[in-house]
Each structure stands twice: as structure tokens, then as C-alpha cells.
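Q: Mind looking at a prediction? Sequence and model below.
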Amino acid sequence: MKKYFSVLMLVLAIFVSALGTHPLHAQDDGMPTLDQLSAGWNTLFPGGDTLCAHGTEYSFHVRRAESSHLLIFFNGGGACWFGRICDEGSTTYNPAADNDSNDPNALPGGIFDFDNPENPFAYYNMVFVSYCTGDVHIGNQEETYEVPAFGDVAAHEVTIYHYGYHNAMSALNWTFENFTSPDTIFVAGSSAGSIASPFYAGLVAEHYPDARIAQLGDGSGGYRAPEAAATLNEAWGVASIWPDWEQYANATPENIVFESYYLATSSRFPNMTMATYNAANDSTQNLFLAVLGAGGTPLVERIQANNADLAAAIPSFHSYIAGGTLHTILRLPEFYAYTVEGVRIRDWVANLANGEAVEDVACTDCTKAPDAAE
């Protein structure tokens, strides 16, 4: 297990530094409105009951554009659900909003590269939902964990604010107040944000019944571990966030898995296009499956099984599986390069967002990244 923690430390350590956007704190009269924002990215501090995992301030980011198109993006940054990995200093999750991991200006490319003329979202208004709570954006409780003694560190407790739902809803409520009638909405998330994206896509669709909405989960399609559902849902207090929809009438912490959010949202909003992107041997998904104790079945088989279940239940569901180990695609330069079976991921995502037809795409030689396999 020590090996997995060490690799996770390397994976997540690349995401640390200071924000470079325009900071706008909430004033006595509330949050700044859309027309008060500067050009480029703006950092908003909602205050209230929002918090990051260790009690630090939460913020999200907004970039306005002159269009009726809106992208709502849920960022990633790991997770924690027991004492050892939730403890201060753990790098299995990002506990702060004010670092490069949560700064769209600092991300290495992909859909946040506005200098690339091929960016299909360059003319979209954007809301970037930062992530710092270790609960894949769906937590709704404060939890105290027991941390066992290790090395020369005595046993102790650590309290985590799993307030992902509070934080995400602060961004969505601001969005609902300031974007009154977007005609096209793309709800996406990477890594931990990918898990939450189908859940929040449903809330977005509830608020904007006349908009054309598509959803994409980037880099979480292999967590086929139903035996872990209760552990995660109870650690994060997830049951309290499920809306009063018939799709959740029989929901329990034991029977709601990550794919359940696709099924619930698509059942309530059958016209929504829903989709997933995954790398067949995603290194980060493999690491978290190991921490969950869900070994045995290869990741690509878990991804394929989840995709098959969703495709059988959702007529408008589509999937793209690339070869290799790269974790996520939307935030990376490879978004413009990866091509599988003649279909470039950039074009596939653009077509999803534009409401155009797409086909399912899957690697044949899944051991290699697309730039090496094609």
C-alpha cells in the first residue's frame, strides 16, 4: 500500500501553487454579478457554508463570453474516505482551492487553452467549479477520522469538511442567477469531477428546461466496485444530497454507485446526451481501485462493463476509450492530438457539445497511447 501512496504523491504533487485570476470576494450585498466581472478568468469567493477540507476558504472561477453557450466544469483532485489518506499531508486529494490544480490559467492546455484556434469552447461562457473536499464534489458532512499510529507519529484524529455539495451548489446557484437563458450547455468534469458531472447535469437540466444539454465524464469510468459504495457514501454523507426525484426513491448508501447518477439523470431527462472518456489503463484509476481494495479485474474490463450497462439503459449514451495510461484528457494538450480508430478526441467532444451525432470509439491496441498506436 505504501507504494500506491508514494505514486499518488507524485501524481498529485504537480498541482500546487498560487492562483492567477481576478479575485472577487462576496460583499454585504452578495456575490458580484456577471456584468461586474473582468475579462478573462475571475475568482469568486462565495463564503457562507462553503469550505475546503481543512477549513480554508473556497473559491470558484468564471470566464464570460459574448455568446449564449455555457460550459460548467467540475475539476478533479483525488479523494479520501479513511484516516490515513485523509490526514494532513496526504496527497491522495487536494485540500485547498488556492493552488494551480484549481486555477484554469495554470492548467496545461486542452479546453482551457484559449490560444489554440481549434478550441471548441473558446466562445463559451465558463464556470470552473474548483474542488478541495476529498468527496468527488458530492459530500455533505463534517467527518472525523481516526488515524492510526505510523512511524513516530502517534494515533490521532483528523476532521475533514466534506462540503463538496455546498461548494458546487454555491457555483451553480451563482450560475443560475447570472445566466438566465443559455441555449447550449456542456456539463463536464475530469477525474473526481467526472464522477459528479452526471449528478449535477441533472440539476442543471432541472433549472434550464429549454436548453440543449450534453454531459461528459472524463476519467472515472472504471470504478466498478459496488462493494465500496456504502463506505464512500457514508463517509461523505452523500444520501442527504439526493433530490426528491422518483429516480432516487429507493436509493440507499448501499445501492447508489457512481454510474447510478447517469441512470437517474438520463431517466428524468431522456433528451440529454451523456458520455464518458477513459484511457484503458488509466494509472490514477488503477491506483484508487487499489486503495479501495478492488483488485483483480483489469481496468479496461471494468470500463467496458460500465459502458455496456449505461449504453443498454441510455439510448443517447456514448463512450470513447483510448489506449495507454494517461489520466483524463480535457485539461491536457493531448486533447488536440489523441486519435483512436481515425476519430480525434477533440472532434468527438466538439460534436457532442454541438448536438451532432457521434459513434462509440474504442482502442484495439489498448496497451499504447493513441499517439504511439496510430
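A: Received the coordinates, thanks. Predicted, not measured: the structure shown is a model, and the values here were computed from it.

Q: From here on, just use CA atoms for contacts and neighbour counts.
A: Noted.

Q: can you give me the helices for the chain?
A: Along the chain, the stretches classed as helices by DSSP state H are 2-13, 83-86, 164-178, 192-207, 229-236, 260-268, 283-292, 299-313, 345-354, 370-373.

Q: average model confidence for the first one?
A: pLDDT averaged over helix 2-13 equals 40, rounded to a whole number.

Q: just to revisit the earlier point, can you lay out the helices of the chain as a markdown table showing mean neighbour count and distance to Phe74?
A: Converted to a markdown table, the helices of the chain look like this (neighbours: other C-alpha atoms under 10 Å; distance: least, C-alpha to C-alpha, whole Å):
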| stretch | mean neighbour count | distance to Phe74 |
| --- | --- | --- |
| helix 2-13 | 14 | 17 |
| helix 83-86 | 21 | 21 |
| helix 164-178 | 20 | 8 |
| helix 192-207 | 24 | 4 |
| helix 229-236 | 20 | 18 |
| helix 260-268 | 20 | 15 |
| helix 283-292 | 19 | 17 |
| helix 299-313 | 17 | 21 |
| helix 345-354 | 19 | 16 |
| helix 370-373 | 16 | 25 |
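
Q: Quick one, which of the ones you listed gets closest to Cys52.
A: Comparison of the helices of the chain against Cys52 by C-alpha to C-alpha identifies helix 164-178 as nearest, at 8.0 Å.

Q: Show me what that closest one is in contact with.
A: With contacts defined as C-alpha atoms under 8 Å, 6 or more residues apart in numbering, helix 164-178 is touched by 31, 33-34, 46, 49-51, 58, 60, 127, 129, 131-140, 204, 207, 241.

Q: Ok, stretch 149-160 next?
A: Outside stretch 149-160, the residues that touch it by C-alpha under 8 Å, 6+ apart are 53-55, 83, 86-88, 133, 142-148.

Q: Next: stretch 256-272.
A: Stretch 256-272 is contacted from outside by 195-196, 198-199, 201-202, 205, 212-215, 223, 226, 229, 247-248, 274, 306, 310, 313-314, 316, using C-alpha under 8 Å, 6+ apart.

Q: Also stretch 110-119?
A: Contacts for stretch 110-119 (C-alpha under 8 Å, 6+ apart): 104-105, 120-122, 329-336.

Q: Now find how far off-centre that stretch is within its chain.
A: Counting by C-alpha atoms, centre = their mean, to the nearest Å, stretch 110-119 is centred 20 Å from the centre of its parent chain.

Q: quick one: average pLDDT of it?
A: The average pLDDT for stretch 110-119 rounds to 97.

Q: So which bits of that stretch are buried?
A: Buried residues in stretch 110-119, counting neighbours by 16 or more other C-alpha atoms under 10 Å, are found at 110-113, 119.

Q: and which of those residues is nearest Glu301?
A: Nearest to Glu301 among the buried residues of stretch 110-119, counting by C-alpha to C-alpha, is Gly110 at 27.0 Å.

Q: Gly221 is in contact with Ile303, correct?
A: Yes - using C-alpha atoms under 8 Å, Ile303 is in contact with Gly221, at 5.3 Å.

Q: Can you check which residues contact both of those two?
A: Listed contacts common to Ile303 and Gly221 are Asn278; contacts here mean C-alpha under 8 Å, 6+ apart.

Q: how about the strands in this structure?
A: Taking DSSP state E as the criterion, the chain contains strands spanning 22-25, 41-45, 60-63, 69-74, 125-129, 141-147, 156-162, 184-190, 212-218, 273-279, 317-322, 339-340, 343-344, 361-362.

Q: how about Thr33, what does it touch?
A: By C-alpha under 8 Å, 6+ apart, the contact set of Thr33 is Asn178.

Q: one more time with 10 Å, if that's ok
A: By C-alpha atoms under 10 Å, 6 or more residues apart in numbering, the contact list for Thr33 reads 174-175, 177-179.

Q: could those go into TSV alongside distance to Ala96 and pLDDT?
A: Shown next, in TSV, are the contacts of Thr33 (distance: C-alpha to C-alpha, whole Å; pLDDT from 0 to 100):
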residue	distance to Ala96	pLDDT
Trp174	21	98
Thr175	22	99
Glu177	26	98
Asn178	26	98
Phe179	27	98
